[in-house]
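>>> Need the 3D shape of this:
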Amino acid sequence: MPLKQNQKTDGTAQLASPRRRHLLAGSAVAMTAAGLAVFSRSAMAQAVVSTVPAAKPLPAYVNWKNPGAMIVHTSSTLETKRSAFGTSIITPTDQLYIRNNLPAPDASIIADRDEWIVSVEGVKHPRTLKVKDLKAMGLETTVMVLQCSGNGRGLFPNKPSGTPWQVGAAGCVVWSGVPVRTVVDSLGGINGGMPYMTGTGGEKLPEGIDPKSVMVERSVPVKAMADALLAWEMNGEPIPLAHGGPLRLIVPGYTGVNNVKYIKRLAFTAEQTDAAIQKTGYRISPPGQKGDPSHPSVWEMGPKSWINSPAPDSGPVTAGPVQIKGVAFGGINAVKSVDVSVDGGKTWLPARLVGPDMGRYAWRQFVLPTTLQPGSHTIACVVVDVEGNRQPEGRLENAGGYNNTSWRDHALTINVV
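I've put the predicted structure just below:
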């Protein structure tokens, strides 16, 4: 799909529409820190309609979002409705989910985006760079799935704490910026013995508490630098404040929390950060246990797919020809194939991938034309990546409800009349 260009002739960024221009005025409304609210959970995907919270108005800082496409869980957690994904590859910015661990910085930081500063450390020649400096270093564009670590949490039967996302804490997004490897090369390369890339967000921290207890600072293996970006543009427009503008660290193939918003520090480090969000948070911990550094960190995404249509919330399905449609991605690998079942996984048929291949990190739309008879049908899908990794049937049980890729959990039961 064509992307708008939103640069003035003098090279400064401008907001592309009235929905964007609110960012300079309305985005200063504080967002509630994530994790304070408690929600009831749904145990089955087909229970979506009965478990979705009552409709709430859009928070002021994202009042430019499409209200008909969003489920508002809290002011800092907004989910894309399954029916809003459509059949195009790129998720429109005004329909993309929101997940913020802390309130966004003041909107003044996007008044002059080119002046935002990021320090680069753990390289031969450490330096503080402005966005305008980064723009002079290089440019790359990447299409990738951005997905919250807890997407699919609402399908866990043990009801882990956190937002009960179904499938809508994900989207396929175009990012433009300078490759991290280009910046590192220009600064003499990484110092020896630095196995981690650590990003620090620029949110304003509450006063009177230990910064490490709340700050957004994440470490990932240094190999992730290969395709990482320091991005200033999203879907052809300056990154909105709510999504991490003016500058965001983009780490393709890794869950959303590792794509640090408002990045102010990029460091190559000998150890993982000791910030709580890394040390104990976002860990694959056994049910009932608190996270600790011995538990795997939530980093790379695995193969995953789900059906978008027909779905229980899209109205009755009439017997006869039906187009079963959905999305599939491989996480760190490209998609090879998708199979669809209409009998709960007893038999499978190959689906057809639809639209252009936009790279290994993007998702693929798929479709299976079939004929459904009256009655109840459980439809499911399974993706296989180019390395032969197959989406698993079962979930990985864990306390935080992270990384749910189970095709069984994501299956939908629909009634055909």
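>>> quick one: the helices in the stretch 151-300 of the chain?
Under the criterion DSSP state H, counting those that start in this stretch, helices of the stretch 151-300 of the chain are mapped to 180-186, 276-279.
>>> Quick one: residues contacting the residue nearest to Gly281 when sequence neighbours are not counted.
Among residues not flanking Gly281 along the chain, Gly291 sits closest, at 6.1 Å (C-beta to C-beta, 6 or more residues apart in numbering). Bear in mind the C-beta positions are built from the backbone N, C-alpha and C, glycine included. Gly291 sits next to 279-283, 285, 399-400 when contact means C-beta atoms under 8 Å, 6 or more residues apart in numbering.
>>> how close does Gly291 get to Ile277?
The gap separating Gly291 from Ile277 is 10 Å, by C-beta to C-beta, to the nearest Å.
>>> Can you report how many residues lie near the closest residue to Gly330 other than its chain neighbours?
Closest residue in space to Gly330, ignoring its immediate chain neighbours: Asp385 at 3.4 Å, by C-beta to C-beta, 6+ apart. Asp385 has 21 neighbours, counted by other C-beta atoms under 10 Å.
>>> I figured Asp385 hits Ser337, correct?
No. Taking contacts as C-beta atoms under 8 Å, Asp385 lies outside contact range of Ser337: 9.0 Å.
>>> Buried residues in stretch 311-322, which are they?
Neighbour counts over stretch 311-322 (16 or more other C-beta atoms under 10 Å) mark 311-312, 317, 322 as buried.
>>> My error: substitute stretch 111-125 in the last question.
Across stretch 111-125, burial judged by 16+ other C-beta under 10 Å covers 113-114, 116, 118, 120-123.
>>> can you tell me the distance between the two ends of that stretch?
Length of stretch 111-125, first residue to last, C-alpha to C-alpha, to the nearest Å: 30 Å.
>>> likewise stretch 229-248?
Using C-alpha to C-alpha, the end-to-end distance of stretch 229-248 comes to 8 Å.
>>> Break down the stretch 1-150 of the chain into its strands, ranges please.
In the stretch 1-150 of the chain, the segments counted as strands under DSSP state E, counting those that start in this stretch are 70-74, 77-80, 98-99, 117-121, 127-130, 140-147.
>>> Could you check the ones you listed and tell me which one is nearest Val183?
In terms of C-beta to C-beta, the element of the strands of the stretch 1-150 of the chain nearest to Val183 is strand 117-121, at 6.2 Å.
>>> Strand partners (parallel or antiparallel) of the closest one?
The strands that strand 117-121 pairs with in its sheet are strand 127-130 (antiparallel), strand 265-269 (parallel) (by DSSP bridges).
>>> Need the contact partners of the last one.
Right, strand 265-269. Strand 265-269 has contacts (C-beta under 8 Å, 6+ apart) with 118-123, 180, 183-184, 190-191, 194, 196-200, 219, 222, 230, 249.
>>> which of the residues you listed are buried?
118, 120-123, 180, 183-184, 190, 194, 196-200, 219, 222, 230, 249.
>>> Just the closest of the buried residues of stretch 111-125 to Met234, please.
The closest of these to Met234 turns out to be Arg113 (C-beta to C-beta; 12.2 Å).
>>> any idea how far Gly202 is from the closest one?
As for Arg113, its distance to Gly202 is 13 Å (criterion: C-beta to C-beta).
>>> Now do Met137: how many residues are near it, please.
Met137: 16 neighbours (other C-beta under 10 Å).
>>> Nearest spatial neighbour of it, chain-adjacent residues omitted?
Val178 (5.0 Å).
>>> what are the bridge partners for the one you found, then?
Here Val178, judged by DSSP bridges, has bridge partners Leu230.
>>> so what's it up against?
Applying C-beta under 8 Å, 6+ apart, we find Val178 in contact with 134-135, 137-140, 229-230.
>>> Only the buried members of the residues you listed: can you turn that into a ChimeraX selection?
The buried subset of the contacts of Val178, as determined by 16+ other C-beta under 10 Å, is captured in ChimeraX by this line:
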select :134,135,137,138,140,229,230
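>>> now, which of the contacts of Val178 sits nearest Trp407?
Proximity of these to Trp407, judged by C-beta to C-beta, is greatest for Leu229, which lies at 30.7 Å.
>>> Verify the contact between Lys336 and Val382 for me.
No. Applying C-beta under 8 Å as the test, Lys336 and Val382 come out as separate, 11.4 Å apart.
>>> Just confirm Asp409 is within a helix.
Yes. Assigned with DSSP: H, G, I helix; E, B strand; the rest coil, Asp409 falls within a helix.
>>> For it, give its distance to Ser213.
Applying C-beta to C-beta, the value for Asp409 to Ser213 is 32 Å.
>>> what about the two, which has more around it?
Applying other C-beta under 10 Å to Asp409 and Ser213 shows that Asp409 carries more neighbours, namely 22 against 13.
>>> Now for the residue lying closest to that one once chain neighbours are set aside, how many residues are close by?
The shortest distance from Asp409 to any residue other than its chain neighbours is 4.1 Å, reached at Leu155 (C-beta to C-beta, 6+ apart). Leu155 is flanked by 26 other residues according to other C-beta under 10 Å.
>>> Would you confirm that Leu155 contacts Trp407?
No. Using C-beta under 8 Å, Leu155 is not in contact with Trp407; the gap is 11.0 Å.
>>> re earlier: distance of the residue nearest to Gly281 relative to Glu140?
Computed as C-beta to C-beta, the Gly291 to Glu140 distance reads 34 Å.
>>> repeat for Leu187
Leu187 is 17 Å from Glu140, by C-beta to C-beta.
>>> Same check on His295?
Per C-beta to C-beta, His295 is found 33 Å from Glu140.
>>> what's the answer for Ile209, then?
Counting by C-beta to C-beta, the gap from Ile209 to Glu140 is 38 Å.
>>> And for His125?
Separation of His125 from Glu140 (C-beta to C-beta): 22 Å.
>>> With Val131 instead?
15 Å.
>>> And Lys130, by the same measure?
Noted for Lys130: a distance of 19 Å to Glu140, by C-beta to C-beta.
>>> got it, and Gly256?
Separation of Gly256 from Glu140 (C-beta to C-beta): 20 Å.
>>> what does Met225 give?
From Met225 across to Glu140, the span is 13 Å (C-beta to C-beta).
>>> No further queries at this time; thank you.
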